[in-house]
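**Q** the following block contains a protein sequence and its predicted model.
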Amino acid sequence: MPTGVQERVSLAHHLLPELWDWGVALVTFNGSSQEQRYTTLAVWPYIEQCTKVASPMLLFGNRDILSFEDANSAMQMGVEGVMIAGGALLKPWLLTEIKEQKHWDIWSSEQLDSLRDFTH
């Protein structure tokens with residue numbers, strides 16, 4: 001779910017309580033508007049604001065999770081979980097980094113093997 005349609009007009013916080021009333025149990029929240037697409041970083045403070053109005057509905061944050069620190073910071077914003085998405089495409093070993101809470105410094109040949117495994 002985007003923050004809204006236009007970059008400067010965030011509407012999601014108005015829609016989230018209605019989604020709960022309609023029976024939605026979980027929303028994956030993108031953190032940018034439809035207009036912004038992937039030209040800017042996610043607005044995590046707005047995602048944090050939305051977690052407060054979404055409750056008791058679960059809200060997962062999505063976008064710009066490229067390290068275990070990013071995942072930890074996102075979880076501190078009050079989301080119930082994070083979607084890795086593009087981060088896993090860039091670094092298929094990202095889930096290992098998050099699980100182990102450390103950077104996985106691997107050789108380029110290991111990176112290539114990991115990418116090969118990820119795409120097959």
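**A** Ah, there it is.
**Q** could I get the pLDDT score of Val43?
**A** On pLDDT, Val43 comes in at 71.
**Q** ok, now Gln36?
**A** Gln36 is given a pLDDT of 54.
**Q** now for the chain, the helix or strand with the poorest mean pLDDT.
**A** helix 108-119 (a mean of 72; mean pLDDT, DSSP states H and E).
**Q** name the residues of it that come out as buried.
**A** Ser114 (16 or more other CB atoms under 10 Å). Yep, even glycine has a C-beta here, placed from its N, CA and C like the rest.
**Q** can I get the CA coordinates of that helix in PDB?
**A** C-alpha atoms of helix 108-119 as PDB (Å, rounded to 0.1, in the frame of the first residue of the first chain):
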ATOM      1  CA  SER A 108      32.600 -12.100  -5.100                       C
ATOM      2  CA  SER A 109      32.600 -15.700  -6.100                       C
ATOM      3  CA  GLU A 110      30.400 -16.500  -3.100                       C
ATOM      4  CA  GLN A 111      28.100 -13.600  -4.100                       C
ATOM      5  CA  LEU A 112      27.800 -15.000  -7.600                       C
ATOM      6  CA  ASP A 113      27.100 -18.500  -6.200                       C
ATOM      7  CA  SER A 114      24.400 -17.000  -4.000                       C
ATOM      8  CA  LEU A 115      22.900 -15.100  -6.800                       C
ATOM      9  CA  ARG A 116      22.900 -18.300  -9.000                       C
ATOM     10  CA  ASP A 117      21.200 -20.200  -6.200                       C
ATOM     11  CA  PHE A 118      18.600 -17.400  -5.800                       C
ATOM     12  CA  THR A 119      17.700 -17.300  -9.400                       C
END
